[in-house]
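>>> Sequence unavailable; structure follows:
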């Protein structure tokens, strides 16, 4: 294969990875855009296979893999944003290992059921990484965490907070104390303010889908969740955006788990 053929093959790969979830998982790679995020991926130990930059731009990152220069205008057409920042790097997905073992070893878990919006998932990853969560659980059917919009919204947190794909039943089976979230006291549940609930010990904060919430069998008073919390608020808004709600709960958990701030 000539160098030109290699470049064309890599460009086609780049387009596949940006456009199709199935291609990302078949190839075990995804795309990271811009010097800040590519540098964070390298710093966190993720393997960059190759990087794409405009011709004569001097924007390649050390450790970012093989360098492929793209002709004027090609870089912009390949990228997924209107004003892309080079480089575009193809990065290997992280090894997950045994999901059951990861759940058993975790103490502070955030479980997300079918989160569908890339911006929400990226924001949640950023928040829970900052709050010190041990593990994020994503249920099947949600947005792909390696979607380029999620990667950008996570602002580098994707490379530092461990996550696995598992069912909610797997979270329950791991012996974690489950704390569900609700904006009201439906189904006969007792719902307490989030500041009145103990988030210490082995705990999983369980967040539902933006539109549908949690599945009916998890929403029921006889379901696996025994503790329910709400975030008290004023005004006419019935509930917070799932990313904002997760942020509030994760930082309340962090406050309780870490004790008072050091002076």
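Received it, and whenever you're ready, just let me know what you need. Keep in mind it's a predicted model, so treat the numbers as computed, not measured.
>>> what's residue 28 in contact with, if anything?
Shown here is residue 28, whose contacts under the criterion C-beta atoms under 8 Å, 6 or more residues apart in numbering are 92, 93. Yep, even glycine has a C-beta here, placed from its N, CA and C like the rest.
>>> Offset the numbering so it begins at 747, please.
Will do, 747 is the new start, and the previous item becomes residue 774.
>>> contacting residues for the residue nearest to residue 893 when sequence neighbours are not counted?
Spatial nearest neighbour of residue 893, excluding adjacent residues (C-beta to C-beta, 6 or more residues apart in numbering): residue 864 at 5.1 Å. By C-beta under 8 Å, 6+ apart, the contact set of residue 864 is 889, 893, 895, 896, 899.
>>> give me that answer again for 10 Å
Taking C-beta atoms under 10 Å, 6 or more residues apart in numbering, we find residue 864 in contact with 889, 890, 891, 893, 894, 895, 896, 897, 898, 899, 900.
>>> With residue 758 instead?
The neighbours of residue 758, taking C-beta under 10 Å, 6+ apart as the test, are residue 824.
>>> The helix or strand harbouring it: what's the following helix or strand?
Following DSSP states H and E, one finds residue 758 within helix 749-765. Sequence-wise, the next helix or strand beyond helix 749-765 is helix 767-773, with elements assigned using DSSP H and E.
>>> before we move on, the earlier item: where's the residue nearest to residue 893 relative to residue 855, distance?
Remark: distance between residue 864 and residue 855 (C-beta to C-beta, to the nearest Å) = 22 Å.
>>> cool, and residue 879?
With distances taken as C-beta to C-beta, residue 879 is found 7 Å from residue 855.
>>> Next, show the common contact partners of those two.
When contacts are counted by C-beta under 10 Å, 6+ apart, the set common to residue 879 and residue 855 consists of 950, 951.
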